Structures are given as structure tokens and as C-alpha cells.
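# sequence first, then the predicted structure, then my questions.
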Amino acid sequence: QVQLVESGGGLVQAGGSLRLSCAASGRTFSTYHMGWFRQAPGKEREIVATISWSGGSTYYADSVKGRFTISRDNAKNTAYLQMNSLKPEDTAVYYCAATRTTYLSGTYSPRNMDYWGKGTLVTVSS
């Protein structure tokens with residue numbers, strides 16, 4: 001089993017940056033593909049970015065491509081989401097998640113993910 005804890009959320013002005021971290025428990029972190037999802041008030045949870053277990057493959061939603069970067073450090077059992085050029089529409093609760101479902105295109109649905117963190121709130125003011 002994997003326990004995930006997100007951190008790094010907060011309030012930032014439009015155009016600013018934040019770096020989210022997802023710390024995982026256990027010795028099997030490196031065997032899981034990781035993803036970041038977000039959920040804005042009144043909206044469904046949506047994929048933001050994913051990264052394969054080795055870090056060799058990544059996927060980004062069109063809405064964040066070129067602004068966000070997903071990465072991982074298997075030695076530290078941690079995944080990251082660097083968010084630059086933030087926009088008010090990026091405001092949401094951000095969740096990290098883990099899965100062993102085969103990494104094909106990386107376009108996971110939330111139901112494909114096996115473990116979830118509790119989320120961290122990101123608020124972008126205009």
C-alpha cells in the first residue's frame with residue numbers, strides 16, 4: 001500500500017509560480033506511475049500531468065502544457081509539480097495519485113489510479 005501526502009499549495013497572484021510535492025510512504029514508490037489531478041469547485045476531477053515510474057515518459061493536459069512540469073525523485077520517494085505562469089483558472093484542489101496500470105499514453109482517468117493523497121489547495125488571484 002502507498003500513502004501519499006501533498007504539500008506546497010497556497011495563494012499566488014496570476015503569473016506566479018508554485019511547486020507542489022507529493023511524498024510517498026513505503027519502499028515501492030519507484031514501481032508506481034504518478035499523476036497530478038485537480039478539481040475546481042463544481043467541476044469534475046481532471047488530469048493535469050503524469051509521469052512513468054522511471055521518469056522517462058510524461059503527459060500534460062493541453063491546458064497546462066508549456067507551463068507545468070512534472071518530475072520525480074525515486075530516491076526521495078517524492079513526485080513534484082512545478083507550476084509557472086499560473087492563471088486564475090488553475091485554482092483548484094490538486095491531488096497526487098499512484099497507479100501500476102500500464103503507462104501507455106499517460107492519459108489516465110481518475111478511476112485508473114490506485115492511491116490518492118488528500119489534496120492541497122492552489123488559489124490563483126487575478
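Nice, I can see it. All figures in this text were calculated on a predicted structure; none of them were measured in a lab.
# now the strands: where do they sit in the protein?
4-7, 10-13, 18-24, 33-39, 46-51, 58-60, 68-73, 78-83, 92-99, 115-116, 120-125 (DSSP state E).
# which strands or helices does the last one pack on?
Just to be clear, that refers to strand 120-125. Counting contacts by 3 or more CB pairs under 8 Å, 6 or more residues apart in numbering; DSSP states H and E, strand 120-125 packs against strand 10-13, strand 18-24, strand 92-99. C-beta coordinates here come from the backbone N, C-alpha and C atoms, glycine included.
# what are the bridge partners for the closest residue to Lys43 other than its chain neighbours, then?
Take Lys43 and drop its neighbours on the chain: the residue closest to it by CB to CB, 6 or more residues apart in numbering is Ala92, 7.9 Å away. Beta bridges link Ala92 to Val122, judged by DSSP bridges.
# leaving out the residues flanking it, which one is nearest to Cys22?
Cys96 is the one closest to Cys22 (CB to CB, 6+ apart), at 3.4 Å.
# surely the one you found touches His33?
No - using CB atoms under 8 Å, Cys96 is not in contact with His33; the gap is 11.4 Å.
# looking at those two, which one has more neighbours?
Per other CB atoms under 10 Å, whichever of Cys96 and His33 has more neighbours is Cys96, with 29 against 25.
# Ser105: which of the strands of the chain is closest?
Comparison of the strands of the chain against Ser105 by CB to CB identifies strand 58-60 as nearest, at 6.4 Å.
# quick one: average pLDDT of the closest one?
Strand 58-60 shows a mean pLDDT of 97.
# give me the helices and strands touching it, please.
Counting contacts by 3+ CB pairs under 8 Å, 6+ apart, strand 58-60 packs against strand 46-51, strand 68-73.
# ok, and what's touching the first one?
Residues from elsewhere that reach strand 46-51 (CB atoms under 8 Å, 6 or more residues apart in numbering): 33-39, 57-61, 64, 68-72, 79, 81, 94, 103, 106-110.
# picking up where we left off before, just the strands of the chain: most buried one?
Of all the strands of the chain, strand 33-39 has the most neighbours on average by mean count of other CB atoms under 10 Å, namely a mean of 25.
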